[in-house]
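Asker: need coordinates for the following:
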Amino acid sequence: MGDQIDDHPAAAGERVKINVGGKLFETTVSTLRSGGPDSLLSALSNRPVHDSVFIDRDPGIFSILLSLLRSNRLPSTAKRFSNQELIDEALYFGIESQLKSALAPSRLSGIDTSLFTTVKPSSDGVVSDFDAIETDGSLWVAHGGQITVYDWNLSHAATVRTHMDYINTVKRIRPEIAAVGSLQGSGLHFYNMTNGRRVQSVDWVDPTDVRIYKARVHAIADSPDSVFASYDCQHGENCVLMIDKSTMGISSEIGRMPGSSSKYMVPTKLSYVPDLGVLVGSSVTSGAFGYSGYIRFWDPRSGNVVWETNEPGSGRSSRFGDTFADVDVDLDGLSLFKICSKSGDLAMADLRKLSDDPWLYLKERNPSMRNVGGNVGGSFSLHCYREQVFVGREGELEVWSRVEERENERIVSEDMFRRNYVYKVEDSERGVIRKIEGGGDRLFVTREDVEGIEVWQSTYNSGAVSVL
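Answerer: Here you go, the predicted structure:
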């Protein structure tokens, strides 16, 4: 029995040798097990220490992954390989979660944000709409009549050509399902991005009114259980349909309006506020006499309007005529923000304390910037994300961030935010900003008639310029 092999599993501190692609690596059992109990490396660590193992994979990338397990960060040599090469090997070894954390961008901070890359679809490169996913920073993109999905690493995951020639609005409503609408055709359509099939279509019809047919979808939002889509017909009649996510059937009709004036137009922007259980819809139109529009809150359960404002026609007399050009909801701070069309001022309202005139106009703390930023006849975009407000003024991008000493205070005051430029001069010259949206720790921006989606991330040397 003297030549019996000792086959006891290795202890955490013992050394293990692994031959990867002909190169011998030596590490500890604890390092291998740090990849997680379900990883291939953890399984290898449970083998008897004297057992040799050969893995026919790239030794250069394995060296990087081993360094990641040792230090929880990627070595500088990782730059020799593409992210996709690293991801493929991490998937093989079962440590993709560790690599995903290492590749993730820094926490998004507007003042430290710079242009990182541009994502361009391979065909129909001008993006008509996109949905950025907050949980992981992935993208669902509408371009022409196609939907393209980019994963958390912004790598191409899938492309589906729909039955439509042009998609105006897209929303991911389930991990594999996209909801899309077009102003060139009727109905809301659901596509399975796994197999490319259209699984359902929802049209707005009214058997008692023959005028309700071929209704187009302008905006889409969702809650955990429902999808909300705003429809309008050729004569202007419009409503929001609430659609059950599980059955993809219509649950109810909300906020039917005649479309006879600006305050009864179809909502072109929808947001669901889960903490309050309300649906927020807004519409803005511009013409020879300036901007006009409304903001309206509905209770989806009853279909009743719980708050609304119309501009011009409400608010302070000193602000009459300085109507909003865009609005957005801060879901984290439970606030509503608007950008004024003439002065360019930014105003906010507490969603829990709405009144006839709830607006607080934020004060520009830099004297040289006061009364600067009006953009009469120009274009504005507004997006709230992670308690920051991003504003596009023509081609310029700026951020309003909560002042540090007030971050832990819930007192609302006109100087609670500070304004900073995000862009460099060459960034602003690429074109008029059309849409801004955050996802993960990234900010995504599209510009009119410009191909692709700009991806902005926080860095320590972004070139942001503070105006304070």
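
Asker: so where's the stretch 351-468 of the chain shaky on pLDDT?
Answerer: Counting by pLDDT under 70, the low-confidence segments of the stretch 351-468 of the chain come to 365-377, 404-411, 460-468.

Asker: mind redoing it with 90?
Answerer: For the stretch 351-468 of the chain, the stretches flagged by pLDDT under 90 are 355-357, 363-379, 402-418, 420-430, 459-468.

Asker: ranges for the helices of it?
Answerer: Assigned helices in the stretch 351-468 of the chain, in chain order: 425-428 (criterion: DSSP state H, counting those that start in this stretch).

Asker: where do the strands sit along it?
Answerer: Secondary structure of the stretch 351-468 of the chain, counting by DSSP state E, counting those that start in this stretch: strands at 360-361, 380-385, 388-393, 396-402, 417-421, 433-439, 442-447, 453-458, 465-466.

Asker: columns distance to R296 on top of the ones you listed, output as TSV?
Answerer: Just so you know, the C-beta spots here come from the backbone N, C-alpha and C atoms, and that holds for glycine as well. Below are the strands of the stretch 351-468 of the chain laid out as TSV (distance: least, C-beta to C-beta, whole Å):
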stretch	distance to R296
strand 360-361	20
strand 380-385	17
strand 388-393	21
strand 396-402	24
strand 417-421	25
strand 433-439	21
strand 442-447	26
strand 453-458	30
strand 465-466	36
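
Asker: want to throw the ones you listed into a markdown table with mean neighbour count and distance to C340?
Answerer: Compiled in a markdown table, the strands of the stretch 351-468 of the chain are given as follows (neighbours: other C-beta atoms under 10 Å; distance: least, C-beta to C-beta, whole Å):
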| stretch | mean neighbour count | distance to C340 |
| --- | --- | --- |
| strand 360-361 | 16 | 8 |
| strand 380-385 | 22 | 9 |
| strand 388-393 | 25 | 11 |
| strand 396-402 | 20 | 14 |
| strand 417-421 | 21 | 14 |
| strand 433-439 | 21 | 17 |
| strand 442-447 | 25 | 22 |
| strand 453-458 | 22 | 25 |
| strand 465-466 | 12 | 23 |
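
Asker: give me the beta-bridge partners of S286?
Answerer: On the basis of DSSP bridges, S286 takes part in beta bridges with Y291.

Asker: let me see the confidence value for it.
Answerer: Turning to S286, the model gives it a pLDDT of 80.

Asker: I'd like to know how far it sits from T268.
Answerer: Plainly put, S286 is 12 Å away from T268 if you go by C-beta to C-beta, to the nearest Å.

Asker: is the residue most central in space within the chain in a bridge, and if so with what?
Answerer: With distances taken as C-alpha atoms, centre = their mean, the residue of the chain nearest its centroid is A132 (2.8 Å). Each beta-bridge partner of A132 is listed here: L139, as defined by DSSP bridges.

Asker: that one contacts V149, doesn't it?
Answerer: No - in this structure, A132 sits apart from V149 without contact. The criterion is C-beta atoms under 8 Å, and the distance is 11.7 Å.

Asker: bridged to F324, which residues?
Answerer: Bridge pairing for F324 (DSSP bridges) gives the partners C340.

Asker: tell me who's in contact with it.
Answerer: Under the criterion of C-beta atoms under 8 Å, 6 or more residues apart in numbering, the neighbours of F324 are 284, 291, 293, 295, 311, 338-341, 347.

Asker: also A179?
Answerer: Residues in contact with A179, defined by C-beta under 8 Å, 6+ apart, are 170-173, 188-190, 220, 222, 227, 229.

Asker: apply 6 Å and report the result again.
Answerer: Contacts here follow C-beta atoms under 6 Å, 6 or more residues apart in numbering; on that basis A179 touches 171, 173, 188, 190, 220, 227.
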